[in-house]
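1. no FASTA, just this:
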């Protein structure tokens, strides 16, 4: 079986689990990367003093808190997605599924259904027993 994560033979008992976790884990990874790219663009536009993207001085601290929170949350989500496709650290996968749903960047409207789907898949007992 090709794709990210484990490559197991067709007779491996983990194959059905991998087929269930790969699509939502891939979307979890993509959403986290898109949110980080959004924040890189926003910080770059702010540093370049682009007219409509410059943060006023009185709103700098909320902007920085949101930036740091988003980078930490999306970093955890990316780390979780990479662990999920390798069937490792079930708890980190759960945390990453929850952090992708936090409204810290525009992709959160996509992160809520992806995170819910990932939580639904991870809570299945057949999936959970294959994690190390």
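-> Arrived safely, thanks for sending. Bear in mind that the values here come from a model prediction, so they are computed numbers and not experimental data.
2. Going by residue numbers, what spans are strands in this protein?
-> Using DSSP state E, no strands are found in the chain.
3. Closest to the mean position in it, which residue would that be?
-> In the chain, the C-alpha nearest the mean C-alpha coordinate belongs to residue 77, at 3.3 Å (C-alpha atoms, centre = their mean).
4. ok, it touching residue 28?
-> Yes - under the criterion of C-beta atoms under 8 Å, residue 77 makes contact with residue 28 at 5.8 Å. Just so you know, the C-beta spots here come from the backbone N, C-alpha and C atoms, and that holds for glycine as well.
5. So, low pLDDT: which residues of this structure?
-> Judged by pLDDT under 70, the chain has its weakly predicted residues at 1-6.
6. show me the contacts for the residue nearest to the centre of the chain.
-> Applying C-beta atoms under 8 Å, 6 or more residues apart in numbering to residue 77 gives the contacts 28-29, 31-32, 96-97, 99-100, 111.
7. now for the longest helix along the chain, which elements pack on it?
-> The residue-count maximum for a helix in the chain (DSSP state H) belongs to helix 15-47. Secondary-structure packing of helix 15-47 (3 or more C-beta pairs under 8 Å, 6 or more residues apart in numbering; DSSP states H and E): helix 60-85, helix 90-99, helix 108-122, helix 125-128.
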